[in-house]
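J.: A structural model of the following input is requested.
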Amino acid sequence: MTGNDEVRPATVGRASSATRDAENLLSLHGIGKNFGPVQALTDVNLDIPAGQVTALVGDNGAGKSTLIKTISGIFEPSQGQMLWQGRTVHFHTPREATNAGIATVYQDLALCDNLDIVQNMMLGHEMLTRARTLDEIAMEKTAKRTLADLRVVTIRNIRQLVGSLSGGQRQSIAVAKAVLLDAKLVIMDEPTAALGVSQTALVLDLIKRLAGRGIAVLLISHNLTDVFEVADRLAVLYLGRLVTVGQAADFDTSTAVHWMTTGTSPNGHAAPSNHAGG
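T.: Numbers count the residues shown, from 1 in each chain. You can find the predicted model right below:
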């Protein structure tokens, strides 16, 4: 985005009269996305409640990345409606989604290795003194307070370069930045990929803490062990369609894998609710 690009505000419509929409932070109704003749998403209905971890799972090519990019403003849906806090929204850019309270932490984390922790957390939202210089003291205090609130205790020096941090610590910084920006929904794309056991535990604990603060988490992961460790709800995509949604306790690894690989209910098991509200 260049400095001359106009940032259009997200279009907001009337509040939905449906109680279900009002109770959910984000509601997707009939979301579809096509790229020319390729239909990547078809009729996706999904609710994301505040204070819960909703795991979005599916095989490669199921449409997970397309869906989170549609929610986060990178793609505009070809069909359907998104309701944010009960009101229809149209995010034209990622900045609009961020300003509304949706933060997406991608696998590459979008952190600057040559900057320290404070500089990364405050990047684009720097605090200034009355003399219009960087208020380093205020930014350090803000960064420390945010990390402390999330109980990120493995970082000793907030002026440490991000490039020197472990994978789990880097995830913590990316999430802390989202919290600092007052995100109400944090989307996490494969947050434990390539992490060791202790670093994975750090990230999973952080996800639980986000939900405990009333923040909604949409977790995308291929690691079902991690999913069942933290998820309240499970949503399964298969070839661009949402084939089932339900409480995580209604699934186990075997049934989840069956849904992910066939798009159908396992034999001998009652299908969890396919209603978007779970």
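J.: Count the neighbours of residue 133 for me.
T.: 8 (other CB atoms under 10 Å). Bear in mind the C-beta positions are built from the backbone N, C-alpha and C, glycine included.
J.: Then residue 40?
T.: So residue 40, with other CB under 10 Å, has 20 neighbours.
J.: and if you look at the one 10 residues further on?
T.: Other residues near residue 50 come to 17 when the count uses other CB under 10 Å.
J.: Does it touch residue 212 like I think?
T.: No: taking contacts as CB atoms under 8 Å, residue 50 lies outside contact range of residue 212: 11.6 Å.
J.: okay, now the domains of the chain?
T.: Listed by automatic domain parsing, the domain ranges of the chain are 11-101+184-262, 112-182.
J.: And the first one, how far out from the chain middle?
T.: With CA atoms, centre = their mean, to the nearest Å as the basis, the distance from the averaged C-alpha position of domain 11-101+184-262 to the chain average is 7 Å.
J.: what kind of secondary structure is residue 120 in?
T.: helix (DSSP: H, G, I helix; E, B strand; the rest coil).
J.: Pull the contacting residues for it.
T.: 111, 112, 162, 173, 177 (CB atoms under 8 Å, 6 or more residues apart in numbering).
J.: residues contacting the third one?
T.: The contact partners of residue 162, by CB under 8 Å, 6+ apart, come to 111, 112, 113, 115, 116, 117, 120, 170, 173.
J.: most surrounded residue in the residues you listed?
T.: That'd be residue 117 among these, by other CB under 10 Å, with 26 neighbours.
J.: Just say helix, strand or coil for the residue nearest to that residue when sequence neighbours are not counted.
T.: Leaving aside its chain neighbours, residue 117 sits nearest to residue 158 (4.5 Å; criterion: CB to CB, 6 or more residues apart in numbering). What three-state DSSP gives for residue 158 is coil.
J.: same deal with residue 171?
T.: helix.
J.: Pretty sure it sits against residue 206.
T.: Yes: between residue 171 and residue 206 there is a contact under CB under 8 Å: 7.2 Å.
J.: who's more crowded, these two?
T.: Using other CB under 10 Å, the more surrounded residue of residue 171 and residue 206 is residue 171, with 27 against 23.
J.: Now do the contacts for that one.
T.: Contacts of residue 171 (CB under 8 Å, 6+ apart): 105, 109, 191, 195, 199, 202, 203, 206.
J.: now swap in residue 182 and tell me
T.: Applying CB under 8 Å, 6+ apart, the residues near residue 182 are residue 101.
J.: Check it and give its pLDDT.
T.: Residue 182 is assigned 87 on the pLDDT scale.
J.: try residue 47
T.: Looking at residue 47, the pLDDT reads 96.
J.: ditto for residue 174
T.: At residue 174, pLDDT is 89.
J.: And stretch 49-69, end to end?
T.: 19 Å (CA to CA, to the nearest Å).
J.: Kindly report the same for stretch 66-77.
T.: 10 Å.
J.: Buried residues, it. List them.
T.: If you call a residue buried by 16 or more other CB atoms under 10 Å, then stretch 66-77 has these buried ones: 66, 67, 68, 69, 70, 71, 72, 73, 75, 77.
J.: which stretches of this protein aren't confidently modelled?
T.: Residues of the chain meeting the criterion pLDDT under 70: 1-22, 267-278.
J.: Centre-most residue in it?
T.: Central residue of the chain (CA atoms, centre = their mean): residue 187, 0.4 Å from the mean position.
J.: A helix includes it, no?
T.: No: counting by three-state DSSP, one finds residue 187 to be strand, located in no helix.
J.: OK, contacts around it?
T.: Residues 68, 71, 72, 102, 103, 104, 105, 217, 218, 220 are the ones in contact with residue 187 under the rule CB under 8 Å, 6+ apart.
J.: Now intersect those residues with the helices, please.
T.: Under the assignment DSSP state H, the contacts of residue 187 contribute 68, 71 to helices.
J.: Can you select the buried ones from the contacts of residue 187 in ChimeraX?
T.: In ChimeraX, the members of the contacts of residue 187 classed as buried (16+ other CB under 10 Å) are selected with the following command:
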select :68,71,72,102,103,104,105,217,218,220
